[in-house]
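Trainee: compute the structure for the input listed below.
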Amino acid sequence: MSTLGTLWASNRRHLDQLRCYVAATVRDEPPAGRGECCGLEPAAWYAGLPGWVKAAKTRTRVLKGISRLTAIADRSGLD
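Mentor: Numbering: from 1, shown residues only. As a prediction, the model looks like this:
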């Protein structure tokens, strides 16, 4: 399996926003008001994401990477 690219986040909130965006199957507009996905950045923020983050065919791998980063953040006590 090849590497897609570098997945990073500024903080835990950023990870939650990425997870919410990547998990969405319909992305007409940010899914505001749904649990942890509240308060998403403007849609222009998502336009700057690499194609491999937004692609449906890599969704499972990207979500797994986000889960790993979230676990690291939780163990480290990062917000």
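
Trainee: which stretches in the chain count as helices?
Mentor: Chain-ordered helices for the chain, with DSSP state H as the definition, fall at 12-23, 43-47, 51-54, 59-76.

Trainee: got those as CSV, with mean neighbour count, mean pLDDT and distance to residue 4 columns?
Mentor: No exception for glycine: its C-beta is placed from N, CA and C like everyone else's. Formatted as CSV, the helices of the chain follow (neighbours: other CB atoms under 10 Å; pLDDT from 0 to 100; distance: least, CB to CB, whole Å):
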stretch, mean neighbour count, mean pLDDT, distance to residue 4
helix 12-23, 19, 89, 12
helix 43-47, 12, 73, 17
helix 51-54, 14, 93, 4
helix 59-76, 14, 94, 6
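
Trainee: what score does residue 36 have for pLDDT?
Mentor: In this prediction, residue 36 carries a pLDDT score of 46.

Trainee: what do you get for residue 29?
Mentor: You'll see residue 29 listed with a pLDDT of 56.

Trainee: ok so, going back, put together TSV for the helices of the chain, with distance to residue 5 on each row.
Mentor: Formatted as TSV, the entries for the helices of the chain read as follows, by distance: least, CB to CB, whole Å:
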stretch	distance to residue 5
helix 12-23	13
helix 43-47	16
helix 51-54	6
helix 59-76	10
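
Trainee: list the residues that contact the spatially most central residue of the chain.
Mentor: Within the chain, one residue has its C-alpha closest to the average C-alpha position: by CA atoms, centre = their mean, that is residue 18, at 1.7 Å. The contact partners of residue 18, taken as CB atoms under 8 Å, 6 or more residues apart in numbering, are 9, 53, 66.

Trainee: let's see it at 7 Å
Mentor: Shown in contact with residue 18 (CB atoms under 7 Å, 6 or more residues apart in numbering): 9, 66.
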